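K.L.:
Just a sequence and a predicted model for now, questions to come.
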Amino acid sequence: MIIGPLAHRDFRRLVTAHALSRFGTELALVSVAFAVIQISASPGALGLVLCARTLPNVFFLLFGGVWADRLPRARIMVSSDLVCAVVQGTLAVALLTGIARLWLVVVLQALLGAASAFFNPAATGLTPTTVPDSELQRANGLIGIVSNVAGMAGPAASGLIVVFAGVGWAVFIDAVTFLASASLLLGLRRREGGQARVGGHLRTALGDLAEGWFEVRSRRWMLAGIAQGLLFQACFAVFFTLGPITASSSLGGADAWGALVTAFGAGSLIGGLLSLRLIPSRPLLAMQVSLLAATPAMAMLSLTDRLPLLMAATAAAGAGFAAADAFWETTLQRETPKDRLGRVAAFDRIGSSCLRPFGYLLAGSAAASVGQDGTLRGAALLLAISIAAVVVLVPQVRRLRQGPVALAGDCAGTAPAPNAKPSYDKTGA
């Protein structure tokens, strides 16, 4: 059944928490972007703020993965939500009282990035414990759908709030969504976690990270996917840095940028719906096909000022990313030992993030050197080349097949049998 995962109470709470968090985050991203533009209209200022949010997130992700495999994952997620609520509440007060300065926005966004680093590795590890394995891809698809519906609603709401109430109230609502997410996660029944001791010896963080890295490097497809994620995130950092600037200069301002981000969310909803019905036999190859739909959006931003065309291209990008994410997350969760999934997820998130701040910082200088149009077209070309390279050079991407799933009556989170065979040789030989 397509919506079968929703029959599980823990999953309903988890997916609702994702939706609330995504709504507030997208709402705040648009509002903070225009708050920074009001403070300083240069692309460099916006890039600095986005970079300040991302760099601490990358640094603390590894530690988030370690603790996600040591402690109850729901508890880690609640703690992360509470810290984020305090940070965004502080920023909202500063914006509402008119005392916000660029340095304050940078500091608070850095704290937000550090706190949120502990949420995602725990969430990736928690999802397989809330549904049977046979429903895992649909669970990931549903998380993507509700998150992206919220992501579509967030920017649309932000545009209205910015116009009628100001950016401060949008950020305040983000703080409230973090509190609501924490309250839902507190009610989860499953609060499993790894053990801090193995064989009577205290586990060290470095030892834990070494185990996680072994799981990553022993799978060539995983290394390739992470490397590709580096490039995609760096290039789309250019899109999200230059996009608001382009919207302000030639598309009509905040409303136009909000419309593009909303189109991205609408496309993500379509991609998520497709992932509920399509269970590809070769999920990583399907992921690459999905990513191909994401490449034209940046080039289109440099080729036309017709908002409907730009919205269509951005929607296609959202659909491609959503479907690719469902295929990737499910494969990662199924092919990784459960007690190491938090650390593997942390390395994966780093692959999705660590070049993003450089994309933010380089967007302004690249635009100054070759122009905004040249920067956007070059980024789109790099993405297309990366897809072809991964498919051709990494055979496991073409060959890995969907592994056998548990029967519908199996318990969620049950480990595979000791003699169960993987869907392919994980060494990549």
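P.N.:
Received, thanks. Residues are numbered from 1 along each chain as shown.
K.L.:
for the stretch 151-300 of the chain, which spans come out with low pLDDT?
P.N.:
The model of the stretch 151-300 of the chain has pLDDT under 70 over residues 151-152, 189-203, 205.
K.L.:
could you pull out the strands for it?
P.N.:
Assigned by DSSP state E, counting those that start in this stretch, the strands in the stretch 151-300 of the chain fall at 197-198, 201-202.
K.L.:
so which helix or strand takes in the closest residue in space to G212 that isn't next to it in sequence?
P.N.:
In this structure, G212 finds its nearest non-sequential neighbour in R343, 2.8 Å apart by CB to CB, 6 or more residues apart in numbering. For every residue, glycine as well, the C-beta is placed using N, CA and C. Taking DSSP states H and E as the definition, one finds R343 inside helix 341-351.
K.L.:
What helices and strands are in contact with that helix?
P.N.:
Using 3 or more CB pairs under 8 Å, 6 or more residues apart in numbering; DSSP states H and E, the elements in contact with helix 341-351 are helix 43-68, helix 119-126, helix 205-217, helix 220-246, helix 307-335.
K.L.:
now with 10 Å?
P.N.:
helix 43-68, helix 73-97, helix 119-126, helix 205-217, helix 220-246, helix 307-335 (3 or more CB pairs under 10 Å, 6 or more residues apart in numbering; DSSP states H and E).
K.L.:
Determine the angle, from 0 to 180 degrees, between the last one and helix 341-351.
P.N.:
This points to helix 307-335. The directions of helix 307-335 and helix 341-351 differ by 150 degrees, with axes from the mean of the first three to the mean of the last three CA atoms, to 10 degrees as the criterion.
K.L.:
Now helix 307-335: buried residues?
P.N.:
By neighbour count with 16 or more other CB atoms under 10 Å, helix 307-335 contains the buried residues 307, 310-335.
K.L.:
Equivalent analysis for stretch 234-253, please.
P.N.:
In terms of neighbour count (16+ other CB under 10 Å), stretch 234-253 has its buried residues at 234-248, 251, 253.
K.L.:
Just the CA coordinates for it, please, in PDB.
P.N.:
Presented in PDB, the C-alpha positions along stretch 234-253 are these (Å, rounded to 0.1, in the frame of the first residue of the first chain):
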ATOM      1  CA  ALA A 234      28.500  23.400  -4.800                       C
ATOM      2  CA  CYS A 235      26.700  24.200  -8.100                       C
ATOM      3  CA  PHE A 236      23.300  24.700  -6.500                       C
ATOM      4  CA  ALA A 237      24.900  27.000  -3.900                       C
ATOM      5  CA  VAL A 238      25.600  29.200  -6.900                       C
ATOM      6  CA  PHE A 239      22.000  29.000  -8.000                       C
ATOM      7  CA  PHE A 240      20.700  29.900  -4.500                       C
ATOM      8  CA  THR A 241      23.200  32.700  -4.200                       C
ATOM      9  CA  LEU A 242      22.700  34.300  -7.600                       C
ATOM     10  CA  GLY A 243      19.000  33.500  -7.800                       C
ATOM     11  CA  PRO A 244      17.800  36.100  -5.300                       C
ATOM     12  CA  ILE A 245      20.100  38.700  -6.900                       C
ATOM     13  CA  THR A 246      18.700  37.900 -10.300                       C
ATOM     14  CA  ALA A 247      15.100  38.000  -9.000                       C
ATOM     15  CA  SER A 248      15.700  41.400  -7.400                       C
ATOM     16  CA  SER A 249      17.300  42.800 -10.500                       C
ATOM     17  CA  SER A 250      15.200  41.400 -13.400                       C
ATOM     18  CA  LEU A 251      12.300  39.200 -12.200                       C
ATOM     19  CA  GLY A 252      10.400  41.500  -9.900                       C
ATOM     20  CA  GLY A 253      12.000  40.900  -6.400                       C
END
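K.L.:
residues in contact with T375?
P.N.:
235, 238-239, 241-242, 298, 302, 362-369 (CB atoms under 10 Å, 6 or more residues apart in numbering).
K.L.:
ok, those vs G166, which is closest?
P.N.:
Minimum distance to G166 across the contacts of T375 is 23.0 Å, recorded for T241 (CB to CB).
K.L.:
Quick check: closest non-adjacent residue to that closest one.
P.N.:
Nearest to T241 is A363, by CB to CB, 6+ apart, at 3.8 Å.
K.L.:
now the one you found, what's its secondary structure?
P.N.:
Assigned by DSSP: H, G, I helix; E, B strand; the rest coil, the conformation of A363 is helix.
K.L.:
Name the nearest residue to R398, ignoring sequence neighbours.
P.N.:
With CB to CB, 6+ apart, the residue lying closest to R398 is L285, at 5.5 Å.
K.L.:
in which helix or strand would I find the nearest residue in space to T246 that is not next to it in sequence?
P.N.:
The shortest distance from T246 to any non-neighbouring residue, by CB to CB, 6+ apart, is to L301 (6.1 Å). If you go by DSSP H and E, L301 is part of helix 296-303.
K.L.:
Let me know the pLDDT of S365.
P.N.:
pLDDT for S365: 70.
K.L.:
was I right about it contacting G47?
P.N.:
Yes - using CB atoms under 10 Å, S365 makes contact with G47 at a distance of 9.1 Å.
K.L.:
any common contacting residues for the two?
P.N.:
Common neighbours of S365 and G47 (CB under 10 Å, 6+ apart) do not exist.
K.L.:
quick one: which of these two has more around it?
P.N.:
Set S365 next to G47 and count neighbours by other CB atoms under 10 Å: G47 wins out with 25 against 13.
K.L.:
Quick check: that one vs R73, distance?
P.N.:
In this view, G47 and R73 are 33 Å apart by CB to CB, to the nearest Å.
K.L.:
Can you report how many residues neighbour R399?
P.N.:
Neighbours of R399 (other CB under 10 Å): 14.
K.L.:
can you give me the end-to-end distance of stretch 291-305?
P.N.:
24 Å (CA to CA, to the nearest Å).
K.L.:
Tell me which residues of that stretch come out buried.
P.N.:
For stretch 291-305, a neighbour-count test (16+ other CB under 10 Å) marks 291-303 as buried.
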